[in-house]
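>>> got a structure for you, letters missing:
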């Protein structure tokens, strides 16, 4: 039997931290003279009480997590923190049902960015700040998880990103913790730089901070229903484009760059392929907008760059309703939803690394078909790829598609039309944010969906964020046996 | 350098056979007193001349095909025979462009069943018979290819279906040829039985023969624009359902059954999973039709059974426009398009075998995540699955999806709307036939698509039919080197 004690202890610490974080939006509301601060005070107190309960009930021996406890803690944390993070939204004057509040909170923490809220422009600052903070904290959680946890759980090829120097867990874990700390520092510096740039370009201080939090985390929550389309300012859109890309690159390369390895950026094939793919998609969309929609070339480039980057980095901002750009845009944005950024970043989706490994496997197989007795070793990042790693990557892609099919079918069963059901399932699993079509497209929101659809999409965001296998492993009977 | 001589010799024989086959529709037109027989006489003469040219230019040494020649012959044959099979359609009074005629011919030979023709009900019998024959001959070609060629090319996991007793090619090939002969006999018996059943249920002799040819080959061409909806006769629909299923089962089991192993049907996990999946889909659709569309339960069952079986077996008949059944039907039929029947049958799509192997790989990986040092051998059909086979299956699924994305995006670029572009790409790659939506749905046809779209879809039918890798291997430079 798996021991729950250390799992619940760490979980309790995280809930406590979540409660403390609620002090920030409370103070923002007090500063704005808004009575909503009490909502955060009450929610914070609940969270502190709950978290403290877990901590004190399980405190004692030193904490050492086994593999299975690692799986359990990861899934439990994302669900539990979403459940707690939803409290201010339930208690606030918005009058949200718990379903809506949970959807909004898990969409925040997983940095998805799908929203059930309309009328953002007139909302109290506390709520807007809390949504941004959920994404920002979620972003840190994702990076730490990607560096310190998933590589050791060996999920979906993430074992390739273990610390190189040591395979023995006693040494690797402290090194990973150290790296996670350094990465969080980089994350904060990027956030501050992004906020400063937004502010210099003309956003208010509050808007700059809130949007910086949801840009660098590739989250996509905005303080306006019109998303970044609210700001008719090319400089702001270009800044957003830049920082979304920076948020979707592997954070480890920034640390390498700081340590003097300034070529880290170009030496990483993931980065090269990501930027090349992004460039190609932007180019195609720019030409389409220029030729078919008669946009001026500079406008076309900015519209294409911002919105393509937003979807591919799985941020989910929009400057216009790109669903109205015609057939090519709908098809392209639908498929771009699945792509994702780089492993080791805050972005979701299938991710560049997996496409690279699939391409390597396919090229190797084509050669073996021609020369059945030839030897074609597969290498990636200077390592020989084991068949096991390749299978775990291909399995993840298969599971991604299979869950997409299952969820899209369930959403159709609930009465959602084809484009809403398919783009909704895709956007949740890839943690992008908006879907396509009139209902959940960039100009719409998720509020009118039936509750069952919201729970399905919430499950989708969780599965996608945790690379599927982290959650699915809990459904295997062997997991719970001795 | 690869020697083209034996490839062109066999290709010439196949073209010659195609020319001879054109005598059949010629005779049908003569019997009906229709002047169109000359179209077939001229096309047949052209084909005989062309085929004869190839044969006599390359005749000589005995024929032994190497692996690479096998790949080349397979792709060349399907393209070349489509090009030749299109001739009667070009020369006929229909006034088809060569693009349309080639599309119709390759859609026939690959047993896809997408059509550019309207007004079938008033067409001369020769053309209708030729379309049916293209599918019927294509069906034989697919079975022979699946038994005697693909297993040795080791494409997409098909190596699992090599003759068990011997791995040495000298022995295996004659055995495969023998088996292919036996299977063709079964195919003919099924076709005759199907025609007899259709005729007994009320079709005319001509309709019964034409539909039997396109039912058993899971092709889907009909003699009426309304497909089998033309026959308001439940018996005919049930007969069609039965024989479509029989055409989508692995033909080897019939031979085993004839040889006394009557439990072959139930011992094959592929068959069990195929029938179970089909049953589940039919049940869900029946309940939906009964509850949401207020159909009588018997009507709902027949409508669901016929149309679900038609799509899953990749036949492509329709008795109604199931695209009008509402959100669930659209979503379900879209995803069912990809599924496919059993390996070793005439059906297309991803195929049950690949889902089974992916499921085995995923289950094994989940267990290894929990117990990293455990040993979890993957077994299928009593054999241990090598990592190589699993990867070749997963690679094929990945390539299927990647090509689907590429083709659907290209179709959007040509101005096709989302449902037409995505369902069009899917239906071509899976060799189903109709797509979804107003244009290419079961009530429409492919005639209004731009020519570029027709060539893309033709390429899709070829790629899907030849399991992708058979064609893609020709694009690898190493293929053409010494």
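Received the coordinates, thanks. It should be emphasised that the depicted structure is a prediction, and the values quoted were computed from it without experimental measurement.
>>> And the residue of chain A most remote from its centre, how far from residue B:474?
Distance from the C-alpha centroid of chain A, by CA atoms, centre = their mean, peaks at residue A:373 (43.2 Å). Per CB to CB, to the nearest Å, residue A:373 is found 20 Å from residue B:474. (Each C-beta comes from the backbone N, C-alpha and C, glycine too.)
>>> ok, now which ones touch the residue nearest the centre of chain A?
By CA atoms, centre = their mean, chain A has its centre lying nearest to residue A:111, at 4.0 Å. By CB atoms under 8 Å, 6 or more residues apart in numbering or on different chains, the residues touching residue A:111 are A:135, A:138-139, A:142, A:214, A:217-220, A:314, A:346, A:348, A:431, A:465.
>>> tally of neighbours for the residue in the stretch 201-350 of chain A positioned nearest to chain B?
Closest to chain B within the stretch 201-350 of chain A is residue A:331: 3.0 Å, counting by CB to the nearest CB. Counted by other CB atoms under 10 Å in any protein chain shown, the residues lying close to residue A:331 total 24.
>>> likewise residue A:35?
Neighbours of residue A:35 (other CB under 10 Å): 11.
>>> give the contact list for it.
With CB under 8 Å, 6+ apart, residue A:35 has these contacts: residue A:29.
>>> Next one: the nearest residue to the residue nearest to the centre of chain A once chain neighbours are set aside relative to residue A:309, how far apart?
In this structure, residue A:111 finds its nearest non-sequential neighbour in residue A:219, 4.0 Å apart by CB to CB, 6 or more residues apart in numbering or on different chains. To residue A:309, residue A:219 is 14 Å away according to CB to CB.
>>> Neighbour count: those two, which is higher?
residue A:219 (33 against 25).
>>> List the residues that contact the more buried one.
Going by CB under 8 Å, 6+ apart, the list of residues near residue A:219 reads A:108, A:111-113, A:132, A:135-136, A:138-139, A:213, A:315-316, A:346, A:433.
>>> who wins for most neighbours among those residues?
Neighbour max across these (other CB under 10 Å) = residue A:315, 38 neighbours.
>>> Just say helix, strand or coil for that one.
Recorded secondary structure, residue A:315: coil (DSSP: H, G, I helix; E, B strand; the rest coil).
>>> Pretty sure it sits against residue A:215.
Yes - with contact defined as CB atoms under 8 Å, residue A:315 reaches residue A:215; the gap is 6.9 Å.
>>> Give me the common contacts of the two.
A:244, A:247.
>>> quick revisit: and the contacts of residue A:219 as JSON lines, adding secondary structure and pLDDT?
Shown next, in JSON lines, are those (DSSP: H, G, I helix; E, B strand; the rest coil; pLDDT from 0 to 100):
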{"residue": "A:108", "secondary structure": "helix", "pLDDT": "97"}
{"residue": "A:111", "secondary structure": "coil", "pLDDT": "97"}
{"residue": "A:112", "secondary structure": "coil", "pLDDT": "97"}
{"residue": "A:113", "secondary structure": "coil", "pLDDT": "96"}
{"residue": "A:132", "secondary structure": "helix", "pLDDT": "97"}
{"residue": "A:135", "secondary structure": "helix", "pLDDT": "98"}
{"residue": "A:136", "secondary structure": "helix", "pLDDT": "97"}
{"residue": "A:138", "secondary structure": "helix", "pLDDT": "96"}
{"residue": "A:139", "secondary structure": "helix", "pLDDT": "96"}
{"residue": "A:213", "secondary structure": "helix", "pLDDT": "98"}
{"residue": "A:315", "secondary structure": "coil", "pLDDT": "97"}
{"residue": "A:316", "secondary structure": "coil", "pLDDT": "95"}
{"residue": "A:346", "secondary structure": "coil", "pLDDT": "93"}
{"residue": "A:433", "secondary structure": "coil", "pLDDT": "96"}
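>>> just those residues now: which is nearest residue B:160?
residue A:112 (40.0 Å; CB to CB).
>>> If I look at the closest residue to the closest one other than its chain neighbours, what pLDDT would I see?
The shortest distance from residue A:112 to any non-neighbouring residue, by CB to CB, 6+ apart, is to residue A:431 (4.4 Å). Note on residue A:431: pLDDT of 97.
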